[in-house]
Each structure stands twice: as C-alpha cells, then as structure tokens.
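Asker: Predicted model and sequence below, questions to follow.
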Amino acid sequence: MKKILLIFGLLIVASTIAIAVFKSQKQKIEQEARLESRELHVEFRENGIVYPRNRLAITPQFPGRIEEILVEEGDAIRKGQIIVWMSSRERASLIDAAMAISEKEHQRWQNIYKPAPIVASMDGFIIARNKEPGQIVSSSDTILAMADDLIVFADIDETDLSRIEIGLKLRMYLDAYPAERFEGVVEHIYHESKSVNNVTVYTIRIKPLEKPKVFRAGMSVIITITAESKKDAMSIPSIFVTEKEQAKTVTIKTGTAKKPIFEIREVTTGITDGKFTEIVSGLNASETVVVLSPKPKTKPKAEK
C-alpha cells in the first residue's frame, strides 16, 4: 500500500513539472540579456535662475534731465567710467532759455554751465537701460542697472541636500537655448531654509565655469546633479528586474533551446540610473535573463 501511495505521489509531481514546462513553452521570449560591466550615474534635476552676483542700480544724485547715455545693454564698463551726462533742473531751464534766444547764446551757456557726469562705481556690464536722453528723472529713478557677474541660483529639496557640497561640479543648460550646455561649480549653500509649495528647500549658488554668449539675467536653467556614480557596475537593463512586495526578482532561462525552463530568482540590486540596474548578488555572468510574453489567457469552461 505504501509503495502504491509513493508511486502515485511521484506521478503527481512528474505531471506537475510536465505541466509547468509545457506552460513555459507556450510563453515566448521577448527580450534576453546577460550581465555587462557599465558605468552608471544616478542623477537628478533641479530648476535654477540666472541672477547677477551684485546688481547695482544707477540713479542720479539730483533730479534733472538726462542729456546723454553713453552705454548700451551688454556693454562692458570699468570702474570710474562716465556712463551718463545729467543736467540739474536749473541747468536744463537755463540751457532751454538760451536755445530760444540763439544758437550762439545756447553754445555759450553750454560752455559756461557744464552737465554733471554719472560714473560707474564698479567693473561690470550693463544689464538694463531704463531711461533715454531728454527724460526728466528724480533722484530715485533707475537710469541703468549693471552687474559684476552672472551666476545661477537653485532651490534644492532638503531630502537631496546631503548630495550637495561646495565644490561639486554640475552640468546645466538653458531653457531658451537647449543646445547651450555648460558646467558650473557649487560655491555656496545657504543655511536658512524656505518653503516653496509646502516643500522645505535650501538655496545654492552656482558659478558657471564658462558662460554661454547668450547668458542673460532672469533666464531659466536646468541643472543636472550627479548624486552617485560607479564604474564597472555589473548590470542588466532595468526592464528585466521585477519588484514585488519589496523583493526584486529576475527570470532566468535554463534548459535547452528547444525546451527552455524559466526560473524566477530573487536578486540584490545596487546603483541604478533608471535604464540599467546593477546586480550585486543572485545572478552570474554566464546566466541569461529574459522578459517573457504575457501568459495566454485560459478560456472559462462552458457549464454543462
């Protein structure tokens, strides 16, 4: 009796294996791969804005009329350079009255009563020209704006702050000019946080190593930050890795070409760049992983 039960049990196991192999044969292999050594980088992106490092508004020391502006937007200027000629209200009235008399009288008073210069107080370049000659301005009006340098400011989520350090090199490109890619280096991390859309962020300051010619204040910048990298990472395309209930598995092909057998095996993963995933353990370089076509749906049996 025991022998009969044993034989019966073996027949059940054998039939189960046969059914499993038969089912596996019905599934087609859509993709297959093996472990390969790759250099992987974990990156994330942040948005930034181009701002002047130091912005200086050029305002007159007294109310009056602008006689001449000697610079245009984008012009490089040096400290002490004359950039605007101004007339006080009294001079403007006197010069206008002399002009009404004659050109000779006008010229005489021009030589007697000279306009006052406005000079640049630092080296830099003009980023805005807000007024034109002939306009009347007060001492609070900004005629020109200048900057000494253009840098990038970005807000970093506090969860990513541990990946940022002073001296870290970044890759950036401009929204307006996607082909204009350039590098920068983190030169300061601000200590005070702020809330943006209910998210706590910290501002970082980035110095471009080589500015694009089209660089302008106020431009939007996409910043690519490499959080982690690894050379010679034994990896497979991420599509071969399945995650379920915090366990990561791959499907391995064994058996023969005519009668393949598929084994689902749990693996330990490492760094991933989204496209490729490092396999730390659970898979050998000689083994092949596959992606199978979906199992064919079984038709429900008709009721008798």
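Answerer: Nice, thanks for sending it over.
Asker: can you pull out the helices in the chain?
Answerer: 2-26, 89-101, 103-112 (DSSP state H).
Asker: in the shortest one, what's buried?
Answerer: If I follow you right, that is helix 103-112. By neighbour count with 16 or more other Cβ atoms under 10 Å, helix 103-112 contains the buried residues Trp109. Just so you know, the C-beta spots here come from the backbone N, C-alpha and C atoms, and that holds for glycine as well.
Asker: Counting by contacts, list what it packs against.
Answerer: helix 89-101 (3 or more Cβ pairs under 8 Å, 6 or more residues apart in numbering; DSSP states H and E).
Asker: any idea which residue sits dead centre in the protein?
Answerer: Ile223 (2.4 Å; Cα atoms, centre = their mean).
Asker: how about that residue, what does it touch?
Answerer: Counting by Cβ atoms under 8 Å, 6 or more residues apart in numbering, Ile223 touches Arg45, Glu46, Asn47, Gly48, Val152, Ala154, Leu170, Arg171, Met172, Gly184, Ile206.
Asker: wait, isn't the last one in contact with Glu183?
Answerer: No - no contact is recorded between Ile206 and Glu183 when judged using Cβ atoms under 8 Å, the distance being 9.7 Å.
Asker: so what sits against both of those two?
Answerer: By Cβ under 8 Å, 6+ apart, the residues touching both Ile206 and Glu183 are Leu170, Met172.
Asker: out of those two, which sits in the more crowded spot?
Answerer: Ile206 (24 against 12; other Cβ atoms under 10 Å).
Asker: ok, what's across the strand from that one?
Answerer: Val152, Val186 (DSSP bridges).
Asker: Look up how far Ala145 lies from it.
Answerer: 22 Å (Cβ to Cβ, to the nearest Å).
Asker: cool, Arg108 as well?
Answerer: For Arg108 relative to Ala145 (Cβ to Cβ), the value is 36 Å.
Asker: Quick one: residues contacting the residue nearest to Arg53 when sequence neighbours are not counted.
Answerer: Distance criterion Cβ to Cβ, 6 or more residues apart in numbering; nearest residue to Arg53, sequence neighbours excluded, is Asp149 at 4.2 Å. Remark: with contacts taken as Cβ under 8 Å, 6+ apart, Asp149 is in contact with Pro52, Arg53, Asn54, Gly124.
Asker: Now rank those by neighbours and give me the top one.
Answerer: The most crowded member of those, judged by other Cβ under 10 Å, is Gly124 (23 neighbours).
Asker: Isn't that one up against Ala145?
Answerer: No - with contacts defined as Cβ under 8 Å, Gly124 does not count as touching Ala145, sitting 10.0 Å away.
Asker: Need the overlap of contacts for these two.
Answerer: Common neighbours of Gly124 and Ala145 (Cβ under 8 Å, 6+ apart) are Leu56.
Asker: neighbours around Phe125, how many?
Answerer: Counted with other Cβ under 10 Å, Phe125 comes out at 17.
Asker: How about the one 4 residues further on?
Answerer: The criterion is other Cβ under 10 Å. On that basis, Arg129 has 17 neighbouring residues.
Asker: how near is the residue lying closest to it once chain neighbours are set aside to Val290?
Answerer: Nearest non-adjacent residue to Arg129, counting by Cβ to Cβ, 6+ apart: Glu73, 5.2 Å away. Note on Glu73: its distance to Val290, by Cβ to Cβ, is 61 Å.
Asker: same check, this time on Gln31
Answerer: With Cβ to Cβ as the criterion, Gln31 and Val290 are 7 Å apart.
Asker: correct me, but the residue nearest to Arg129 touches Ile127?
Answerer: Yes - using Cβ under 8 Å, Glu73 is in contact with Ile127, at 6.7 Å.
Asker: ok, these two, which is more surrounded?
Answerer: Ranked by neighbour count (other Cβ under 10 Å), Glu73 and Ile127 place Ile127 first, with 18 against 13.
Asker: which ones are touching that one?
Answerer: Pro52, Arg55, Glu73, Gly74, Ala145, Met146, Ala147, Arg216, Ala217.
Asker: And the first one, how close does it get to Ala233?
Answerer: For Pro52, the distance to Ala233 (Cβ to Cβ) stands at 42 Å.
Asker: quick one, phi/psi of Pro294?
Answerer: phi -60, psi 150 (degrees, to the nearest 10).
Asker: Name the nearest residue to it, sequence neighbours excluded.
Answerer: Closest to Pro294 by Cβ to Cβ, 6+ apart is Gln27, at 7.9 Å.
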